[in-house]
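>>> starting from these lines, generate the structure:
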Amino acid sequence: MGQQMTISYPLTLPSSPGFTRTTWRARSQRVLSQSPFSLAQETISWSGQQWEVDFELPPMGLAEAEIWIAALLSLDGPVGTFLYADQANAIGRGTATGSLLLAGATAIGDKTIDIDGASALQADVFKAGDWMLLAELGKRQVFKVLQDVSADAGGAFTVDVWPFVRAVYPDNDTVFFTANSVLHQLRLVTPVFDWTVENLIYGVSFTAIEVVT
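The predicted model follows:
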């Protein structure tokens, strides 16, 4: 009798070699409608917003490539998930340190998040483009900070984020922001995974989308 697979998700993908290229895509369910006569425009907005990433690995020999291929096959197309921290911006540019917490529970649809725990009047706690993560009871969401933000005299501040908040996170929930702690949970976008071999050199690339629950 066959045994069940021991693979569990989310996976941690091989760390070497690193990606030579990542293409980030911020996908919003928005439609632009334009009249063919007057050229007047109207936008229609639905609620969906999601991260999508194209990953490209360097040319590899047999040993390195097959480790990557086995890991990606372990995902079983879009069934499995994996964790990834943006290595180009793992640390962030802001001055945030210590423990930051939610200053009040979030609501679904929020485009701003209230946070406290910074030093009084701390400048540039987050800089535009920094990552932050909320994770509670299996609900995980990674955000980009959209504007520089500094703390008030009580160490509190409000950040504008993309995408909008998709879950209710409780008051005093931890805000993750330190190097490599902001882990995206992703899955392959297609059930088909392929790779190339030319003159015994392997080429591996794939596209993944954020897990949305």
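>>> so what pairs up with residue 56 in the strands?
Going by DSSP bridges, residue 56 is paired in beta bridges with residue 21, residue 205.
>>> pLDDT weak spots in the chain?
1-5 (pLDDT under 70).
>>> in it, which residue is most central in space?
residue 184 (3.7 Å; Cα atoms, centre = their mean).
>>> show me the contacts for that one.
Contact partners of residue 184, counting by Cβ atoms under 8 Å, 6 or more residues apart in numbering, are 51, 53, 83-86, 142, 210. Quick note: C-beta positions are derived from backbone N, CA and C, even for glycine.
>>> in helices, which of these appear?
The members of these all map outside helices under DSSP state H.
>>> what's the closest of the residues you listed to residue 112?
residue 142 (16.2 Å; Cβ to Cβ).
>>> my read: that closest one touches residue 130, true?
No. Shown here, residue 142 and residue 130 do not form a contact pair, counting by Cβ atoms under 8 Å, at 11.1 Å.
>>> pull the number of nearby residues for residue 51.
By other Cβ atoms under 10 Å, the residues close to residue 51 number 23.
>>> before we move on, back to that, reformat the contacts of residue 184 as a markdown table; add distance to residue 166.
As requested, the contacts of residue 184 are exported to a markdown table (distance: Cβ to Cβ, whole Å):
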| residue | distance to residue 166 |
| --- | --- |
| 51 | 12 |
| 53 | 18 |
| 83 | 18 |
| 84 | 19 |
| 85 | 20 |
| 86 | 19 |
| 142 | 11 |
| 210 | 10 |
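>>> what subset of these is buried?
Neighbour-count burial (16 or more other Cβ atoms under 10 Å) applied to the contacts of residue 184 gives 51, 53, 84, 86, 142, 210.
>>> nearest to residue 65, of the residues you listed?
residue 84 (19.0 Å).
>>> and the closest one, how far from residue 105?
Distance, residue 84 to residue 105, using Cβ to Cβ, to the nearest Å: 28 Å.
>>> one more: residue 199?
For residue 199 relative to residue 105 (Cβ to Cβ), the value is 57 Å.
>>> which one of those two is surrounded by more residues?
residue 105 (13 against 5).
>>> which ones are touching that one?
168-171.
>>> next, it: phi, psi?
Backbone torsions of residue 105, given as degrees, to the nearest 10, read phi -70, psi 150.
>>> residue 64 now?
phi -70, psi -40.
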